[in-house]
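The following block contains a protein sequence and its predicted model.
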Amino acid sequence: QVQVVESGGGLVQAGGSLRLSCTGSGRTFSNRAMGWFRQAPGEEREFVAAINWNGGSTSYVASVRGRFTISRDNAKNTVYLQMNSLKPEDTAVYYCAAARWGYSSDYKQEKNYDSWGQGTQVTVSS
């Protein structure tokens, strides 16, 4: 089973950028699609972005499309979330998750992921 650990969160002003990293352990990391989710205070966890096993396909929630970019480096067992033009409403705990398969027809469904990180806090000040 893949284990994942997030890093790169922090405090940034509106309009700024952050890059989150998610490093996975396990031989099957490169075979798995990977996703990023976030949970703001008092809100349910929501899907942010996902990438298939070889990086050839990505998916984003509408609110981040054009501002966030998900990518992966399978040689380093790492997935990245580059976040630009950050807004206060992007403030949340961001979670990385490993999907059960290399590709999914619905990356938004949490049931399609079986390994989750502990999360990293992203705070965007206005």
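Ah, there it is. Computed from a predicted model, the values in this text were never measured in an experiment.

Tell me the bridge partners for A50.
Beta-bridge pairing for A50 (DSSP bridges): G35, S59.

no, scratch that, I was asking about Y95
F37.

Distance-wise, check it relative to V5.
Note on Y95: its distance to V5, by Cβ to Cβ, to the nearest Å, is 11 Å. Any C-beta I mention is one placed from the backbone N, CA and C, and that applies to glycine too.

Those two: which has the busier surroundings?
Shown here are Y95 and V5; by other Cβ atoms under 10 Å, Y95 has more neighbours (23 against 13).

Now for that one: which residues touch it?
6, 36-39, 45, 116-119 (Cβ atoms under 8 Å, 6 or more residues apart in numbering).

Show me just the buried residues among these.
Buried members of the contacts of Y95, scored by 16 or more other Cβ atoms under 10 Å, are 6, 36-38, 45, 116-117, 119.

what two of those are the furthest from one another?
The distance between the two most remote of these (Cβ to Cβ) is 13.8 Å, for E6 and R45.

shared neighbours of Y95 and V5, anything?
Counting by Cβ under 8 Å, 6+ apart, the residues touching both Y95 and V5 are 117-118.

okay, the residue nearest the centre of the chain: pLDDT?
With distances taken as Cα atoms, centre = their mean, W36 lies nearest the centre of the chain, 2.2 Å away. In this prediction, W36 carries a pLDDT score of 98.
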